[in-house]
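Undergrad: based on what follows, work out the 3D shape:
(one chain, ligands or ions: 1)
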Amino acid sequence: MVDFGENTAQGEFWNSKPGQAWVRFDEAMNERLSNVTEHLMKAVEPLSFNSVLDLGCGTGALSARLTQDYGPSLRLLGSDISQIMLERAQEKNKENHNVTFRQGDAQIDDFGGERFDLVISRFGSMFFDDPIKAFSNIRQAMSKGGTLVFACWAPYKENEFFYLPRDFLREYGDETSKPEARAAGPFAFCDKEYLNEILSASGYKNIKIDEVKTTLATSDTPEQNANLLMKVGFGARVIRDLNLDEAQISQIKEQYMAHAIERQKDGMISYDALIYLVTAKA
Ligand SMILES: C[S@@+](CC[C@H](N)C(=O)[O-])C[C@H]1O[C@@H](n2cnc3c(N)ncnc32)[C@H](O)[C@@H]1O
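TA: Numbering: from 1, shown residues only. Here you go, the predicted structure:
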């Protein structure tokens, strides 16, 4: 049994229904996050690296993309706390013999004693009970002068994918506050000053935090989009917590669909997003 230590709550979360939902909607989420992938790929273009750690790699889309672009000489380890998501990552990367996956809590794992020139993450670095301990631990696994590159969410109110579905949930008794900054979760690092403090205190240098406006877009039908919103993201978490009956659930789905129909343009449903693209040296 893998030790989730201080991140037991995250371990339980990602190894249960939310992890299963990410597997079920794997391709659909990757389509929505593809602009973010492109920003990360562009950020690593000028760097030279032979070994990569994909931190909180989830279902392994970024790992697959890196090996596709950088070829079989690249050694890559995908690390994640969720066994369910790693199984999907493994399946997706089974032809890539230079890629291995490892379950662990990145806050305490030793990543098999390996050293990495590049640590990269697409939204997999915000779920630590003790971020300074986690980022210090990750830095220990980096080569001297290695680079950390990751994408995380800027404030909630700038990210339609998260807050628009919530607008419909108020009438069902959603009084949950918006996700907290500085607490493990998608918006843990939405305060740039705090993020900078965490990385400095963890021993990183040349910290750069760029704001990037982007979109989460999909060619899904409004119904497919509604199905995803019912299961993935902060709204889905609220729906789970509200313990709604079948009628209420289908009513919310109808509302999501109607809303998506209104927004759909040229076959695409698109959500404005603001992310931070972070780079730092070990
Ligand atoms: C929002 S998902 C992103 C997954 C993937 N990077 C992607 O872009 O599709 C967050 C990921 O972080 C992983 N995670 C959460 N807490 C973790 C921890 N303490 N150590 C390692 N991985 C963690 C989750 O299991 C999940 O796969």
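Undergrad: any low-confidence regions in the chain?
TA: 1 (pLDDT under 70).
Undergrad: farthest residue from the center of it?
TA: What lies farthest from the middle of the chain is Ala247; by CA atoms, centre = their mean that is 31.2 Å.
Undergrad: tally up the residues packed near Phe161, please.
TA: Neighbour count for Phe161, taken as other CB atoms under 10 Å: 20. All C-beta atoms are positioned from the backbone trio N, CA, C, and that covers glycine.
Undergrad: next, it: secondary structure please.
TA: Here Phe161 is recorded as helix under DSSP: H, G, I helix; E, B strand; the rest coil.
Undergrad: just Phe127 next, same as before
TA: Phe127 ends up coil, using three-state DSSP.
Undergrad: where's the residue farthest from the centre of the chain, which helix or strand?
TA: helix 246-263 (DSSP states H and E).
Undergrad: what helix or strand is Arg102 on?
TA: Going by DSSP H and E, Arg102 is in strand 99-103.
Undergrad: ignore the last one, Arg88
TA: Going by DSSP H and E, Arg88 is in helix 83-92.
Undergrad: do Glu211 as well
TA: Following DSSP H and E, one finds Glu211 within strand 205-218.
Undergrad: quick one: the very next helix or strand once past that strand near the ligand?
TA: Next along the chain after strand 205-218, taking DSSP H and E as the criterion, comes helix 222-231. No. No part of helix 222-231 sits near the ligand under the criterion CB under 6 Å from any ligand atom; the closest distance found is 13.3 Å.
Undergrad: list, one by one, the residues from the chain near the ligand.
TA: Neighbours of the ligand within the chain, by CB under 6 Å from any ligand atom: 7, 10, 14, 33, 56-59, 61, 79-82, 85, 105-107, 122-124, 127-128.
Undergrad: what's near enough to touch the residue most central in space within the chain?
TA: With distances taken as CA atoms, centre = their mean, Phe123 lies nearest the centre of the chain, 2.6 Å away. Applying CB atoms under 8 Å, 6 or more residues apart in numbering, we find Phe123 in contact with 33, 36, 56, 151-153, 186.
Undergrad: partners of the following helix or strand past the helix holding Ala247, with directions?
TA: Going down the chain from helix 246-263, the next helix or strand is strand 269-281, by DSSP H and E. In its sheet, strand 269-281 lies beside strand 142-153 (antiparallel), strand 205-218 (antiparallel), with partners assigned from DSSP bridges.
Undergrad: residues in contact with Glu6?
TA: 107-108, 129-130, 133.
Undergrad: would you mind checking the residues you listed for buried ones?
TA: Neighbour-count burial (16 or more other CB atoms under 10 Å) applied to the contacts of Glu6 gives 107-108, 129-130.
Undergrad: span of stretch 41-58 from start to end?
TA: Stretch 41-58 has an end-to-end distance of 17 Å (CA to CA, to the nearest Å).
Undergrad: buried residues in that stretch?
TA: 41, 43-44, 49, 51-58.
Undergrad: which parts of the stretch 51-200 of the chain are strands?
TA: 51-55, 75-80, 99-103, 116-122, 142-153 (DSSP state E, counting those that start in this stretch).
Undergrad: so how far is the fourth one off the chain centroid?
TA: Okay, so that is strand 116-122. Mean C-alpha position of strand 116-122 versus that of the full chain (CA atoms, centre = their mean, to the nearest Å) differs by 14 Å.
Undergrad: repeat for the last one
TA: When C-alpha coordinates are averaged (CA atoms, centre = their mean), strand 142-153 and its chain have centres 15 Å apart.
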